[in-house]
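**Student:** Give me the fold of what follows.
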Amino acid sequence: MLILYRVYQILIALPLLLAATIIASVLTILSAVLGFKAGSYYPAHVWAKLWCWLNFVRVTVRGHQNVDRKTSYVFVANHQGAFDIFSIYGFLGHDFKWMMKVSLRKIPLVGYACYRAGHIFVDRSSAAAVRRTMEEAEKRLKGGASLVVFPEGARTWDGHMRQFKKGAFQLAMEFNLPLVPVSIDGAFDVMPRTARLPRPGHITLTIHKPIPPVATAEERNETMRLTADTIREALPERFR
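**Tutor:** Next up, the predicted model:
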């Protein structure tokens, strides 16, 4: 069956998804040029769902009732694999901006579309670059946007969560925004960091209750610990 699935992926799914990627990127860029704010989210939202559907990846979401679509949040999620992006973009149900690695800016067309959509490229090459990244994030938050951040910084190698970096938590503190933990389960089995093609599977997003804003560095550090524990508790035993 896996052989048939791979033939389907190569001959049908991947060509369709390549076309969808180009169309979504062009629509996003045109929307930005023409000033249509909704165009920064909805083309990629549909594109992400197509990636899941055409690869036979089912996504279940729990906890939509925990967040208000009109409220700005800093969403913080664990990073199991490449399909984390598709599952969140397609099924979170909240307009947001990504904080993503600066290397993704170099992807032809897609990188420019992300830039025009207002996503934030995280550059850790120097202290000055980090400062510019934080300033850009501040502009987005001042404009009422929500952010989605993978505080581990990169995908896990073994399914277990890596240590969190404090940037997202610092932003939430500085802008007095609630922080929402999101647990992603199943993406590691669909397409781990070492895989080149996905497998069919089932991903579950668990949107936890928001954590109120904090005011001090000590409280921020405690929120980091609480967020990591909350995300981890919704994962299967083998990844805790």
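
**Student:** Can you check what pLDDT the model gives the residue nearest in space to the middle of the chain?
**Tutor:** Centrality entry for the chain: nearest residue to the mean C-alpha point is residue 85, 4.6 Å, by CA atoms, centre = their mean. pLDDT for residue 85: 95.

**Student:** Check which helices and strands the worst-scoring helix or strand of the chain on mean pLDDT sits against.
**Tutor:** Of all helical and strand segments in the chain, the minimum by mean pLDDT, DSSP states H and E falls on helix 127-142, at a mean of 76. Under the contact criterion of 3 or more CB pairs under 8 Å, 6 or more residues apart in numbering; DSSP states H and E, helix 127-142 touches strand 97-101, strand 120-122, strand 147-149, helix 167-174. To be clear about C-beta, it is placed using only N, CA and C from the backbone, and glycine gets the same treatment.

**Student:** will you turn the ones you listed into TSV that also has mean neighbour count?
**Tutor:** Output for the helices and strands packed on helix 127-142, formatted as TSV (neighbours: other CB atoms under 10 Å):
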stretch	mean neighbour count
strand 97-101	20
strand 120-122	22
strand 147-149	25
helix 167-174	20
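
**Student:** Looking at the ones you listed, which is nearest to residue 239?
**Tutor:** Closest of those to residue 239 is strand 147-149, at 19.6 Å (criterion: CB to CB).

**Student:** Work out the sheet partners of the closest one and label each with its direction, please.
**Tutor:** With DSSP bridges as the test, strand 147-149 is paired with strand 74-77 (parallel), strand 97-101 (parallel).
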